[in-house]
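Sequence first, then the predicted structure, then my questions.
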Amino acid sequence: MRRLDPVLAALVVCLAILAGLPGGAAARRAETRARRAGREVTAPAWSRWLELVHEHDLAPFLGARLERGDPLPADVRHELRAAHTLWAHETMFRAAELRAVLDVLAPVGGAIVLKGPAVAATSYADLGERRSSDLDLLVRDRDARRRAVALLAARGYSPKHAHDDDDTAAHDLGLVSPVADLEVDLHVDLWRAGLPAAAIEDLWATRRELPVLGGIAVLDPPWQALHAAVHALADPIGSPLLRNLLETGMLAARLGTDDRAALVDRARRFGLADRAARALGLAHQLFGSPALLPTPRPGARELWARQRLGWRYDDESVIGRTRAHVAEYHLRRLDAAGDARAGLGVGALVRTLGAVAAGHVVRRVAAGVSRGEPRLAAASATARAIGDALLVHVHATGDVHVLRDDAVAAWQLVAALDAPAAHAQLRDRLAAAAGITPHRAAAVLDALSDAGVVVESA
Amino acid sequence: MERAWQLAPGVAVRTAVGSVEADALAEVFPAFEVAEVVAGARLATEALGDGALRVSLDGLALFTAADDELAPALEAALLGWVVRTRGGVVPLHASAVAVGARAVLFLGDKGSGKSTLAAQLGAAWPYLGDEVAFVRITDNVLEPFPKAATIKAGAFAVMPASRDWRDPVRGPVRYHAPALSSRAELPIGALVWPQWSAPSPAALSPELAPLAPDEMAVRLIRQSFGGLERDPRTLDTIAALAALPGFELRYTSTAQARVALEQALAP
C-alpha cells in the first residue's frame, strides 16, 4: 500500500473504532510514522479531515456515532451533526416510498432491495447513518422490468434518459420522479458484465426477508458482502471510496463461519474471486476486516484506488484534474478491453497520459480553428410573461432569468428562428426591431448568451 | 391503544398512546390527528440511554435523535414526506392566514418573522399553516396545512411559553398552535414578505410597499420546494401568483402589521 495521507490515516482509524473493526496495518503504520515525526494523528488538520469526510460521504455515519466526549472541535462536531440531521430527515420519506414502490412491484414477482437501504438496514444502526442517492432494486428479468416500468409510471416515475426504454441492454434502468425527487434503479443483474444464470438463480434462492416495512427482501449476508466488494472499486476516483471499503469491511466482518465459506464458494463458482478479493484486501489493510480470499495481483481499479488513498485529492487543482482525466481514460480502456489488468504497464500509462494531453490540445486547437462567426439559437426553455417582463426557465441549467425591455425583444427574435443565425445578422435585426444601436443590440445578445438563455450552435 | 395522524393522502402514521412520539406529534400536528386508527405506518421510538432515541417506521430504524430533538426531527421528516408525495401542487415555503374569504401568504427567508406573524395573527384570523403552503396548480387555490407554527428563539419572548425543543440545524424552537385554525381551501388574495424589527426609537415606521410582479416571481421561485423541476406547470402557477397584490411589510409589532394588512386588503 502506498503511504496513506496521515490525515486520511487518522480518519481510517476513527472509522474502524466507530465501526467496531480492529483497524488495519496500513492505517496503524501511518499513525506510527506520524507519531514518530511528532505529528499527532489524533489531532489532524481538521479542515482537511472534514474535506475527506465529505469527499467519501461519511458525514452521516460520523455525525451519528461520534459522542460528545470525542476530541473534535465544536464546529466540526456541529457540521457532522447537522449533516447527519439533514440526511436523517430524508429517511422517513425514503422508507415509506420504498414500501410503496415494492407494493407496486408485487405483481411482477417482487424485488430484492440492493445497496444503500439494504446495507443500511442490515449493517448500520439505522438508515440515518448511510446516505444513498437512489433506490436500487433487483427484479427477476427484463420482462419483469418492462412491466415494472409501466406500473411505476402510474406513481410518477419515468425513464431518466429519453433513450432508455424497457428493451435497454443495461443491467440497470434509472426511473425518476420529479415530485418525489428520487431515482429508482431497476436492475436485472448485479453487474454490468453480467453474472452467470446460475448465480442469478442462487441469489434469488438465498435472499432473506427482513421483518421491517411489512417485509422486504434483501441479499443474504454472503451475497451482500460479495456485491459490496465487487462494487467498491468500480469507480475508484469519483465514488465515496473509503465508505465503500468500510462497508465492505463491515459486511465481511459480520459473516459467521458458514457465511464466510459460502462467500468464498460463490466467488469462485461465479468468477468473482479476483474482483472481490481486491476490495476485501484493501478493506483488510485499512480496517482490519477479514480478507476472506487470497489477494490476486493488483488490478487497475485497485491501483487507482490505492493512488487516491495516497494522494491529497483535490479535483479542482490542475494535478487533481489531470489525475482524474488519466484515471477516467484508463478505466474506459479497461472496460473496453474487459480485462481487470489491461493497460497496467508503464508504457500503456505513458500512452494514456499522452492521449489525454493530446486530446486536450486537439480539442483546444479545434475550438480555436472553428471559432468563426458564432451562430446563435434559443436555449431549450419555458417562458412566461409577467407584466412587461418575461420569465425564462432554462431547462438545461434549471436557471430562471427575468428579461426586460430589449432583452425581451431579443428573446422573441431568437425564439422565433427556424435555424441558428449568425451573431451579426441577429444584431442587425434586433437593432432594427427594437430601435436600438447595433452596439447595444450586440451587448444584449452577449448578455443573453452569458446567461445561457441564448446558446451558440454548432 | 394507538393514536394516528393523517397528514396527506397516503401519508399517515400511528403511535402508541402515551409515547414520547405521540406527545411530540400532538404538539406539532394537532390539526391532523384522526379519531380512527388508519392503516398508516407505525412510528416508534426506542430509548438508547443518555437521552438518545432511535426512531423507526414499521420496524425499520430510521435515525437517532436526542429526546429534546424529537419534535423538530419528526416535523422535518414528515413535512419532507408530505411535500414529496403530493403532486398537482406547488409547495411554497410560507405561512398563511385567512383574511375574509381569501388567504394571505407570508413568505421570506429564515428569521423574517413569517411564522411568528401568522401564529400571532391566528388569535384573530383563521390560521392556515406554517413552513409549507400548498398551492393547487389547476386553480391556484391554497390547500392549507395548519401544522403548529414553529417559533424560533428570537420570538420566544412574544409568544406564550411552551416546551423547548432543540433542532441541530435551526437552533432552539417551540411550537404554537393558534386558537383559530382552518383547513378550508381558499383562493389566495395577496402575498406578503414580512420583515420584523425590534421596537426602538430608530426603528422604521410600519410600511407596506408594493412589489413588482417580476420581483415577486423571482422570490416565489426561490421559495418553492423543488423549484420548477417538480411540475412543468409550476411556472404558470408562479406567473398567476405574481399577478396578485404583493407587498413587503416592515413592522415592529403584530398590531401594526394587522392594521397595515387590513388597510391594504380592504375591499
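Everything's here; your move.

all contacts plus neighbour counts: C-alpha atoms, from now on.
Noted.

Mean confidence (pLDDT) on stretch A:77-95, please.
Per-residue pLDDT over stretch A:77-95 has a mean of 93.

do stretch B:226-246 as well
Mean predicted lDDT for stretch B:226-246 stands at 91.

next one: stretch B:179-194
94.

quick check, distance from that stretch to the centre of its chain.
11 Å (Cα atoms, centre = their mean, to the nearest Å).

What of stretch B:41-51?
26 Å.

Stretch A:273-292 now?
Distance, stretch centre to chain centre, for stretch A:273-292: 22 Å (Cα atoms, centre = their mean).

Please work out which residues outside it touch it.
Contacts to stretch A:273-292, defined as Cα atoms under 8 Å, 6 or more residues apart in numbering or on different chains, come from residues A:12-13, A:16, A:21-27, A:226, A:229-230, A:232-233, A:245-246, A:248-250, A:252-253, A:260, A:264, A:267, A:293-296, A:298-299, A:302.

Chain neighbours aside, what residue packs nearest to the residue nearest the centre of chain A?
The residue lying closest to the centre of chain A (Cα atoms, centre = their mean) is residue A:239, at 5.4 Å. Nearest non-adjacent residue to residue A:239, counting by Cα to Cα, 6 or more residues apart in numbering or on different chains: residue A:56, 7.3 Å away.

what do you get for residue A:413?
residue A:430 (7.2 Å).

packing partners for the longest strand along chain B?
Longest strand in chain B, counting residues (DSSP state E): strand B:186-196. For strand B:186-196, the elements it packs on are strand B:102-107, helix B:114-121, strand B:141-143, strand B:246-251, judged by 3 or more Cα pairs under 8 Å, 6 or more residues apart in numbering or on different chains; DSSP states H and E.

mind running it again at 6 Å?
strand B:102-107, strand B:141-143, strand B:246-251 (3 or more Cα pairs under 6 Å, 6 or more residues apart in numbering or on different chains; DSSP states H and E).

related to what we said a few turns ago, give me the three-state assignment for the residue nearest to the centre of chain A.
The three-state label given to residue A:239 by DSSP: H, G, I helix; E, B strand; the rest coil is coil.

How about the backbone phi and psi for it?
phi -90, psi 170 (degrees, to the nearest 10).

circling back: the residue nearest to residue A:239 - how many residues pack around it?
16 (other Cα atoms under 10 Å in any protein chain shown).

before we move on, back to that, name the residues that touch the helix or strand hosting the residue nearest to residue A:413?
Under the criterion of DSSP states H and E, residue A:430 resides in helix A:423-434. For helix A:423-434, the external contacting residues (Cα atoms under 6 Å, 6 or more residues apart in numbering or on different chains) are A:374-375, A:437-438, A:441-442.

tell me which of these is nearest to chain B?
For the contacts of helix A:423-434, the residue nearest chain B by Cα to the nearest Cα is residue A:441; the value is 22.8 Å.

check contacts around the closest one.
A:427, A:431.

change it to 8 Å
By Cα under 8 Å, 6+ apart, residue A:441 lies in contact with A:406, A:427-428, A:430-431.

Select the longest helix from chain B.
helix B:70-83 (DSSP state H).

Who are the packing partners of that one?
Using 3+ Cα pairs under 8 Å, 6+ apart: helix B:70-83 touches helix A:74-105, helix B:20-28, strand B:165-167.

Please spell out which residues along it are buried.
Across helix B:70-83, burial judged by 16 or more other Cα atoms under 10 Å in any protein chain shown covers B:70-83.

what element comes up after that helix heading to the C-terminus?
Following helix B:70-83 in sequence order, the next helix or strand is strand B:89-92 (DSSP H and E).

and that next one, anywhere near chain A?
No - Strand B:89-92 lies out of reach of chain A by Cα under 8 Å from any Cα of the partner chain, never closer than 9.6 Å.

Can I get that strand as CSV, trimmed to CA atoms?
Output of strand B:89-92 as CSV, limited to C-alpha atoms (Å, rounded to 0.1, in the frame of the first residue of the first chain):
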residue,chain,number,x,y,z
VAL,B,89,-49.5,21.4,-6.1
VAL,B,90,-46.7,24.0,-5.8
PRO,B,91,-45.3,23.8,-2.3
LEU,B,92,-44.1,27.1,-1.1
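
quick one: contacts of that strand?
B:83, B:132-137, B:220, B:223-225, B:234, B:237.

List just the nearest of the residues you listed to chain A.
residue B:83 (8.1 Å).

Please read off the pLDDT at that closest one from the model.
So, for residue B:83, pLDDT stands at 96.

mind listing which of the contacts of stretch A:273-292 are in helices?
Using DSSP H, the contacts of stretch A:273-292 in helices are A:12-13, A:16, A:25-27, A:226, A:229-230, A:232, A:245-246, A:248-250, A:252-253, A:260, A:264, A:267, A:302.

What subset of those residues is buried?
By 16+ other Cα under 10 Å, the ones in helices among the contacts of stretch A:273-292 give A:12-13, A:16, A:26-27, A:226, A:229-230, A:232, A:245-246, A:248-250, A:252-253, A:260, A:264, A:267, A:302 as buried.

show me which of those residues neighbour chain B.
Okay, of those, nothing touches chain B (Cα under 8 Å from any Cα).

Select, from the contacts of residue A:441, the two members most distant in space.
Spatially, the most separated pair among those is A:406 and A:428, at 13.3 Å (Cα to Cα).

between those two, which one's more packed in?
Taking neighbours as other Cα under 10 Å, residue A:406 and residue A:428 compare with residue A:406 leading, 19 against 16.

hey, what's the residue of the stretch 351-458 of chain A found nearest chain B bridged with?
At 5.8 Å from chain B, residue A:386 is the closest residue in the stretch 351-458 of chain A, using Cα to the nearest Cα. Following DSSP bridges, residue A:386 is listed with bridge partners residue A:389.

could you dump the contacts of helix A:423-434 to JSON lines with pLDDT and secondary structure?
As requested, the contacts of helix A:423-434 are exported to JSON lines (pLDDT from 0 to 100; DSSP: H, G, I helix; E, B strand; the rest coil):
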{"residue": "A:374", "pLDDT": "77", "secondary structure": "coil"}
{"residue": "A:375", "pLDDT": "87", "secondary structure": "strand"}
{"residue": "A:437", "pLDDT": "93", "secondary structure": "coil"}
{"residue": "A:438", "pLDDT": "93", "secondary structure": "helix"}
{"residue": "A:441", "pLDDT": "94", "secondary structure": "helix"}
{"residue": "A:442", "pLDDT": "93", "secondary structure": "helix"}
